[in-house]
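Student: Build me a model from this:
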Amino acid sequence: MSIDEVRADENPLRAEKRRKLTALRELGINPYPYSFDRNISSAEITEKHAGIQIGEKLLDTHYKIAGRLMTMRNMGKAAFFNMQDQSGRLQVYLKLEELPEMERKAFDLVDLGDIVGVEGYVFKTQKGELSLHTKHFQILTKTLEPLPEKFHGLADVEIKYRHRHLDLISDSDSRKVFETRSKIIREIRRFLDDRGFLEVETPVLQPIYGGAAAYPFSTHHRALDMKLFLKISPELYLKRLIVGGFEKVYEVGKNFRNEGIDRSHNPEFTMLEWYEAYTDYNYQMKQFEDLISHLVKVVKGSTKFEYQGKEIDFTTPWKRLTVMDGIREYAKVDPDKISDKELLAELRKHKVDTSDYEKYPTLPRGEMLMELFEVTVEEHLWNPTFVMDHPVEISPLTKIHRSNKKLVERFEPFAACMEIGNSYSELNDPEEQHQRLKDQEAKRVVDEEAQPMDEDFLHAIDVGMPPTGGVGIGIERIVMILTDRPSIRDIIFFPTMKLNK
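Tutor: Coordinates of the predicted model:
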């Protein structure tokens, strides 16, 4: 089908917009100028002149604003319209007879959704609305696609996520969510920088992936003729930096995990990880509390607020709950006494598919205990809670608990029934680390998410890593809670979506 055939077939609204575009060009008006010398934003005008009186005209003001034309009341020889820029909206008044001839002709060809520039002075209408009286008008971008009919937010979440630009144009709350996300990341950096941390970057393309139990995305490097993986975690590289002598490092960056999508998981997500020499998980527990409580106060103004219609309380200190005590309290079984077969039966009772566990030569007790924890305990962890002291089998990079050799020194903070982070007293015994990764490598026969052997990382540990505490935080889940959004897709600009066919 030719371009002309497509245009003959197109939506009547698009066809009308295209007609006006052609008319502008025939008039010699450039519908896509290179720049516009604006000197103020809508919000700055509103803030600066909020106190003027009804009917007052500030003839000595001279403002140039630019933005998208969102609504218009055309009264023939005059018009009121709302313009929207990043800072907000402002009402504009225009009287055709006051404009130069070419500008009047341009205004006759304008549509909702077009991006325009206006020059004029401030006044307040008889209805008390601060407005800009137009002296000059210019079309800056003639649009071809009509905007959605509703400007209070898209109701169709498929369109909202797939066409984020429409969502941002039509929903000021959505824009505020992403502004808050940026603010949160900025505050995280400030918090860690103030504590002497160094921000670093680790490779996204890695010859061996590691640092988490997850299935990776892979690609092929043609020049080197080798397989590479998108990073699932920066952990093993950040630890190399600790070995190299940097004592406090952090990274805010993208991780990629080739796994399912749901309200709290997206294949591409943002993680904060930090590592600090000469500390352990007890120290990092307090530091984690300090950071999150700081973010909560900055964003919400209080440690108590509503998330999804229910109060959540971030007042410190947070509750501490061991994995085993959680199982005792909510699953009503004693993890020290239950046999492996009884544990398997308990999981089945809670509708867990146990077929993967049954592939192992011997049942993976630690993994089954954590699965039981997930299906019986996590739904009760509404207020912030540190879940501590996990089974050693599921934590190959973590130090053995100093008072129980079956456990490791690890905590996972939960809030709103979601895991929001992870932390270890990091394993730095080279012989034990070698054996743990060797066990993981063997486990890959039945568990493709087990960690592969990484000889280069082991070489770094052989060189010597000081006692270290490490923390990982899922940025999106923090943002979800602090912006009162139910889904991770609401706070990722461009969530992973299936292609339209």
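
Student: wait, is residue 193 part of a strand?
Tutor: No. Residue 193: not assigned to a strand; according to DSSP: H, G, I helix; E, B strand; the rest coil it is helix.

Student: Name the nearest residue to it, sequence neighbours excluded.
Tutor: Nearest non-adjacent residue to residue 193, counting by Cβ to Cβ, 6 or more residues apart in numbering: residue 199, 7.2 Å away. For glycine as for every other residue, the C-beta is placed from the backbone atoms N, C-alpha and C.

Student: same deal with residue 327?
Tutor: Excluding the flanking residues, the one nearest residue 327 by Cβ to Cβ, 6+ apart is residue 335, at 4.9 Å.

Student: Where does pLDDT dip in the stretch 151-300 of the chain?
Tutor: Filtered on pLDDT under 70, the stretch 151-300 of the chain yields the residue ranges 151-155.

Student: just the helices in it please.
Tutor: 157-162, 164-170, 172-194, 235-243, 281-300 (DSSP state H, counting those that start in this stretch).

Student: most packed of the ones you listed?
Tutor: Stretch with highest mean neighbour count among these: helix 235-243 (a mean of 22; mean count of other Cβ atoms under 10 Å).

Student: Which elements pack onto that one?
Tutor: In terms of contacts (3 or more Cβ pairs under 8 Å, 6 or more residues apart in numbering; DSSP states H and E), helix 235-243 is packed against strand 248-256, strand 268-277, helix 455-463, strand 468-474.

Student: what's the domain layout of the protein?
Tutor: 3-141, 172-318+383-490 (automatic domain parsing).

Student: mind checking how far the last one is from the chain centre?
Tutor: Spelled out, that is domain 172-318+383-490. How far domain 172-318+383-490 lies from its chain's middle: 15 Å, per Cα atoms, centre = their mean, to the nearest Å.

Student: Same question for the shortest one.
Tutor: Its chain's average C-alpha position is 34 Å from that of domain 3-141, according to Cα atoms, centre = their mean.

Student: could you give me the average pLDDT of that domain?
Tutor: Averaging pLDDT along domain 3-141 yields 94.

Student: and residue 492, how many neighbours?
Tutor: When neighbours are counted by other Cβ atoms under 10 Å, residue 492 registers 20.

Student: follow-up on the earlier one: out of the helices and strands packed on helix 235-243, nearest to residue 407?
Tutor: With respect to residue 407, and counting by Cβ to Cβ, the nearest of the helices and strands packed on helix 235-243 is strand 468-474 at 16.7 Å.

Student: For that closest one, which helices and strands make contact with it?
Tutor: Helices and strands touching strand 468-474, by 3+ Cβ pairs under 8 Å, 6+ apart, are helix 235-243, strand 268-277, helix 281-300, strand 421-425.

Student: Could you dump the helices and strands packed on helix 235-243 into JSON lines with distance to residue 140 and mean neighbour count added?
Tutor: Below are the helices and strands packed on helix 235-243 laid out as JSON lines (distance: least, Cβ to Cβ, whole Å; neighbours: other Cβ atoms under 10 Å):
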{"stretch": "strand 248-256", "distance to residue 140": "33", "mean neighbour count": "19"}
{"stretch": "strand 268-277", "distance to residue 140": "33", "mean neighbour count": "22"}
{"stretch": "helix 455-463", "distance to residue 140": "53", "mean neighbour count": "15"}
{"stretch": "strand 468-474", "distance to residue 140": "40", "mean neighbour count": "23"}
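
Student: can you tell me the helix or strand for the closest residue to residue 87 other than its chain neighbours?
Tutor: Distances taken as Cβ to Cβ, 6+ apart place residue 43 nearest to residue 87, at 3.4 Å, with adjacent residues excluded. Element membership for residue 43 (DSSP states H and E) is helix 42-48.

Student: Provide the contact partners of the helix or strand following that helix at residue level.
Tutor: Downstream of helix 42-48, the first helix or strand assigned by DSSP H and E is strand 57-74. With contact meaning Cβ atoms under 8 Å, 6 or more residues apart in numbering, strand 57-74 is reached by 36-42, 45, 49, 52, 79-85, 89-90, 110-123, 132-133, 140, 151, 169.

Student: Would you mind listing the buried residues in strand 57-74?
Tutor: By neighbour count on 16 or more other Cβ atoms under 10 Å, the buried set for strand 57-74 is 61, 63-70.
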